[in-house]
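> Need a 3D model of the following:
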Amino acid sequence: MSCADPTWGTPRIIGELAKLGITVCKATVDRYHIRRRGPPSPTWRTFLSNEAKGIAGIDFFTVPTANFRVLYVFIVLMHERRRVVHFNVTENPTASWTAQQIVEAFPWDTAPKYLLRDNDCIYSCQFPAQVQAMNMKEVKTAYRSPWQNPYCERLIGSVRRDCLDHVIIINERHLRTILKSYLLLSSGPHTLVVGEGLSGAAGDRSAAKPRWGRVPQSRRIASFPGEKSGMIPTAVNFQEPQSSHATTLAARASPPTGQRPC
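From the prediction side, this is the model:
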């Protein structure tokens, strides 16, 4: 039996033998059972790599403003490339508003298979119905376990440390503009960030090809290209300074004006 079907374990073999009227103990079956090489099932890492295309994570985080108001930011993150496909800002989030954000994040038939979220009370009533209508399956994390939604939590932490901790937010429009600029800058030219009335890609961020050459040891800047035209300098021209001794030798070696060298 073990040779015919290596997936059968010891309890299964004991049960099949008992149907035939053969009674054996577990130690006997373990002794003659063929050991499988490799893991008995795919690893968790393999599962995540295979299913990453169909997993999306959502989460809220709060941002205080200059006039002591609290704004809520909703983000939708695809696990495949860790890219933000949608975000929006509101002061009073509701279940219907959150459901509408899911519709805007995944138009037509682009909805993933799984939607990872926490157990916030905002995801109630209309939200599960909308997710089910879009043929997505909700996967809820355990209570007080934000590490089970790691990619969203890591993104929120990066946004706070790199952007929001250095800016005083005034209102919703200001926060939406700041987040859009940050996400477009940090996500690359192939990421689409969509917000309420705001959409766009990072655009053409291709840089000019650098000019390779030997950098002198002195590293003294001679001039900036485009300095007179007001353009941002893209390269620096370096000029080797000549020492006084080298200048004297060059002057002695060059013949005077009007005389021919010997």
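
> Ile22 is in contact with Ile14, correct?
No - counting by CB atoms under 8 Å, Ile14 does not reach Ile22; the two are 9.3 Å apart. Just so you know, the C-beta spots here come from the backbone N, C-alpha and C atoms, and that holds for glycine as well.

> So between the two, which is more surrounded?
Legend: neighbour count by other CB atoms under 10 Å for Ile14 and Ile22, higher for Ile14 (16 against 9).

> residues touching the more buried one, list them.
Neighbouring residues of Ile14 by CB atoms under 8 Å, 6 or more residues apart in numbering: Val24, Lys26, Val29.

> ok, so of the residues you listed, who is nearest Tyr123?
Tyr123 has its nearest neighbour among the contacts of Ile14 in Lys26, at 46.6 Å by CB to CB.

> Check the burial of that closest one by counting its neighbours.
12.

> Give me the number of neighbouring residues for the closest residue to it other than its chain neighbours.
If the residues on either side of it in the chain are set aside, Lys26 comes closest to Thr10, at 5.9 Å by CB to CB, 6 or more residues apart in numbering. Neighbour count for Thr10, taken as other CB under 10 Å: 15.

> Would you agree Thr10 is in contact with Val29?
Yes - taking CB under 8 Å as the definition, Thr10 is a contact partner of Val29 at 4.9 Å.

> Quickly note the distance from Gln132 to Gln126.
Distance of Gln132 to Gln126, computed by CB to CB, to the nearest Å: 11 Å.

> quick one: which of these two has more around it?
Between Gln132 and Gln126, counting by other CB under 10 Å, Gln126 is the more crowded of the two (15 against 11).

> residue boundaries of the helices in the stretch 101-250 of the chain?
Ranges of helices in the stretch 101-250 of the chain, per DSSP state H, counting those that start in this stretch, are 126-133, 150-162, 172-187, 244-253.

> Output those helices as a markdown table; include the columns distance to Thr43 and mean pLDDT.
Listed next are the helices of the stretch 101-250 of the chain as a markdown table, based on distance: least, CB to CB, whole Å; pLDDT from 0 to 100:
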| stretch | distance to Thr43 | mean pLDDT |
| --- | --- | --- |
| helix 126-133 | 29 | 94 |
| helix 150-162 | 17 | 95 |
| helix 172-187 | 29 | 92 |
| helix 244-253 | 67 | 53 |
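
> Just to check, Val76 is in contact with Thr110?
No - between Val76 and Thr110 there is no contact under CB under 8 Å: 11.4 Å.

> Same drill for these two, tell me which one is more crowded.
Val76 (23 against 10).

> would the more buried one count as being in a helix?
No - under DSSP: H, G, I helix; E, B strand; the rest coil, Val76 sits outside any helix and is assigned strand.

> which residues touch it?
Contacts for Val76 (CB under 8 Å, 6+ apart) come out as Ala56, Gly57, Ile58, Val84, Val85, His86, Phe87, Gln101, Ile102, Ala105.

> State the distance from the residue nearest to Lys26 to Leu17.
Taken as CB to CB, the span from Thr10 to Leu17 is 11 Å.

> How about the backbone phi and psi for Asn50?
phi -80, psi -30 (degrees, to the nearest 10).

> What is the neighbour count of it?
Count around Asn50 with other CB under 10 Å applied: 10.

> check contacts around it.
Pro42.

> Thr10 now?
Counting by CB under 8 Å, 6+ apart, Thr10 has contacts Lys26, Val29, Asp30, His33.

> Which one of these is nearest to Leu184?
His33 (58.0 Å).

> In this model Thr7 seems to touch the closest one, though I could be wrong.
No - contact between His33 and Thr7 fails when scored by CB under 8 Å: they sit 11.9 Å apart.

> hang on, the earlier thing: please tell me how far the residue nearest to Lys26 sits from Glu172.
Thr10 is 62 Å from Glu172, by CB to CB.

> Specify the beta-bridge partners of the nearest residue to Ser187 once chain neighbours are set aside.
Distances taken as CB to CB, 6+ apart place Arg83 nearest to Ser187, at 5.9 Å, with adjacent residues excluded. With DSSP bridges as the criterion, Arg83 is bridged to Met78.
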